[in-house]
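In: quick one, what's the 3D model for this:
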Amino acid sequence: MTRCRLCGSAALASVVDLGATPPCESFLAADQLDEAEPAYPLHLRVCTDCWLAQIPPLITPEETFTQYAYFSSYSTSWVEHAHTFVADAVQRLGLDSGEKDAFVVEVASNDGYLLKHVVDRGIRCLGIEPSVNVGAAARDAGVPTLTEFLDPATGSAIRAEHGPADLVVANNVYAHIPDVVGFTQGLRALVADDGWVSIEVQHLLTLIEENQYDTIYHEHFQYYTVAAAARALASGGLTLVDVELLPTHGGSIRLWARPDEAAGEPTRRVADVLDREKAAGLRELSGYAEFSARVAKVRRDLLRFLIEAAERGETVVGYGAPGKGNTLLNHCGIRPDLLPYTVDRNPYKHGRFTPGARIPILPPEQISTDKPDYVLVLPWNLRDELIEQLSFVHAWGGRLVFPIPELSIVEVKS
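Out: Just a heads-up that it's a prediction; the model follows:
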């Protein structure tokens, strides 16, 4: 990668190099274990002109998302997060006031986890989801869903058929598209001239501060500060007018944007977060200088724990098979000799193997059968939810291990 995908600058500086790994959602079936796996460099760089952090676009969204292994509805806390968002957005924007036929569009709507709450309120809506299997699940749940990738032409065609959207939601997708300018133009094509766009995306500030390097993987093409996000939105004719700091995914930002002509002045919260990012050094290279060393320490600490547990004859199994977990497993070189299996609530993954590390994925009930000494929690961002969900390991004295932001061992209570 020689040019920034947002501003075109050649001034790209290395942040952290995680080597080469397979795509994080390319789970293997048993009959694929003797086949070669492609691996691609995973090297995060930052543009020192617009400060967009990014990795090379070595795989296409079509390769990742045409058939997808992630179903949002399997996370209880994420579904509740979506329910709360819909309730707040409806009130904030007056979508159920009856003054007009409100219309909500969600881009990357997954299995309908969010729009089902819009459907329940009787508000007209449409999901745009590129994954065939996940979109089918949404339609089965009663959520109108198109199987499409968003670009300017798709956005214009949907607007022509369904009308402009009063609210366009794009949660956990703004990092997933290599053509950030074209995608943003697609958002502008969808939204009404006086409408709103709401985007949730991981905050680069917390990624750096909390050592969340496992969220760097090939389907995340870029990583945003609010400053970089505002510039990206502007590339498509949208103005950032408000921002919220969220705890989701270890620390996210919710960006509220409007078409330029309807935007008005941004709230004080925008200026406050911009000031915080500047104070953290994220508009100069010094703010990124120590990140690579802290990443290396996470790797050493986790490997030391697993090796010492094995030498003591203690058992460690995994919980979850998220994309971030595959970055961690592959960067650390963890294989089934140190982690014999992981479990996941998603039946799609059962009987499959994690990419690269090739660790078997089993149903969650296997933990109660085997009663391991430790459970390594790979979706660490769901810490509170999973401490409660896995409290049953207390019955045999089991403990939970969280690898990020630093290694911690938790004794749960029943």
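
In: ok, which stretches of the protein are helices?
Out: Shown for the chain, the helices assigned by DSSP state H span residues 61-65, 76-93, 115-120, 132-140, 152-162, 180-190, 204-209, 226-234, 268-279, 291-311, 323-332, 365-370, 383-389.

In: export those as a markdown table, with columns for mean pLDDT.
Out: Converted to a markdown table, those look like this (pLDDT from 0 to 100):
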| stretch | mean pLDDT |
| --- | --- |
| helix 61-65 | 60 |
| helix 76-93 | 91 |
| helix 115-120 | 96 |
| helix 132-140 | 90 |
| helix 152-162 | 97 |
| helix 180-190 | 97 |
| helix 204-209 | 96 |
| helix 226-234 | 98 |
| helix 268-279 | 97 |
| helix 291-311 | 97 |
| helix 323-332 | 96 |
| helix 365-370 | 98 |
| helix 383-389 | 91 |
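
In: export those to CSV and append columns for mean neighbour count and distance to residue 100.
Out: C-beta coordinates here come from the backbone N, C-alpha and C atoms, glycine included. Converted to CSV, the helices of the chain look like this (neighbours: other Cβ atoms under 10 Å; distance: least, Cβ to Cβ, whole Å):
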stretch, mean neighbour count, distance to residue 100
helix 61-65, 17, 33
helix 76-93, 16, 11
helix 115-120, 21, 15
helix 132-140, 18, 25
helix 152-162, 16, 14
helix 180-190, 23, 17
helix 204-209, 23, 37
helix 226-234, 22, 25
helix 268-279, 15, 28
helix 291-311, 15, 48
helix 323-332, 24, 39
helix 365-370, 14, 49
helix 383-389, 16, 38
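
In: of those helices, which is nearest residue 52?
Out: Nearest to residue 52 among the helices of the chain is helix 226-234; the distance by Cβ to Cβ comes to 4.3 Å.

In: please state the offset of that closest one from the chain centre?
Out: Its chain's C-alpha centre lies 18 Å from the corresponding centre of helix 226-234 when counted by Cα atoms, centre = their mean, to the nearest Å.

In: i'd like the first residue to be 115 from this point on
Out: Will do, 115 is the new start, and the previous item becomes helix 340-348.

In: that one packs against which elements?
Out: Using 3 or more Cβ pairs under 8 Å, 6 or more residues apart in numbering; DSSP states H and E, the elements in contact with helix 340-348 are helix 294-304, strand 305-316, strand 352-360, strand 366-373, helix 382-393.

In: circling back to that earlier point, residue 356: which of the helices of the chain is closest?
Out: helix 382-393 (6.1 Å).

In: now for the closest one, which elements pack on it?
Out: Packing partners of helix 382-393 (3+ Cβ pairs under 8 Å, 6+ apart): helix 340-348, strand 352-360.

In: how about those in TSV, adding distance to residue 219?
Out: What follows is the helices and strands packed on helix 382-393, written out as TSV (distance: least, Cβ to Cβ, whole Å):
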stretch	distance to residue 219
helix 340-348	17
strand 352-360	14
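
In: to residue 289, which of the ones you listed lies closest?
Out: Across the helices and strands packed on helix 382-393, closest to residue 289 is helix 340-348 (Cβ to Cβ), at 10.2 Å.

In: where in the stretch 415-528 of the chain is pLDDT low?
Out: 528 (pLDDT under 70).

In: which residue comes closest to the residue nearest the centre of the chain once chain neighbours are left out?
Out: Taking Cα atoms, centre = their mean, the centroid of the chain lies closest to residue 286, which sits 5.0 Å from it. Leaving aside its sequence neighbours, residue 286 sits nearest to residue 314 (Cβ to Cβ, 6 or more residues apart in numbering; 6.2 Å).

In: and what of residue 455?
Out: If you skip the residues right next to it in sequence, residue 455 has residue 474 as its closest partner in space, 4.4 Å away by Cβ to Cβ, 6+ apart.

In: who touches the one you found in this structure?
Out: Contact analysis of residue 474 by Cβ atoms under 8 Å, 6 or more residues apart in numbering lists 450, 454-456, 465, 467.

In: adding distance to residue 364, write the helices of the chain out as a markdown table.
Out: Conversion of the helices of the chain to a markdown table gives the following (distance: least, Cβ to Cβ, whole Å):
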| stretch | distance to residue 364 |
| --- | --- |
| helix 175-179 | 21 |
| helix 190-207 | 13 |
| helix 229-234 | 24 |
| helix 246-254 | 23 |
| helix 266-276 | 30 |
| helix 294-304 | 22 |
| helix 318-323 | 6 |
| helix 340-348 | 16 |
| helix 382-393 | 16 |
| helix 405-425 | 13 |
| helix 437-446 | 9 |
| helix 479-484 | 24 |
| helix 497-503 | 9 |
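
In: between those, which one is closest to residue 399.
Out: Across the helices of the chain, closest to residue 399 is helix 405-425 (Cβ to Cβ), at 10.9 Å.

In: just checking the distance from the closest one to the centre of its chain.
Out: Taking Cα atoms, centre = their mean, the mean C-alpha location of helix 405-425 is offset from the chain mean by 24 Å.

In: tell me what it is packed against?
Out: Secondary-structure packing of helix 405-425 (3+ Cβ pairs under 8 Å, 6+ apart): strand 126-135, strand 430-433, helix 437-446.
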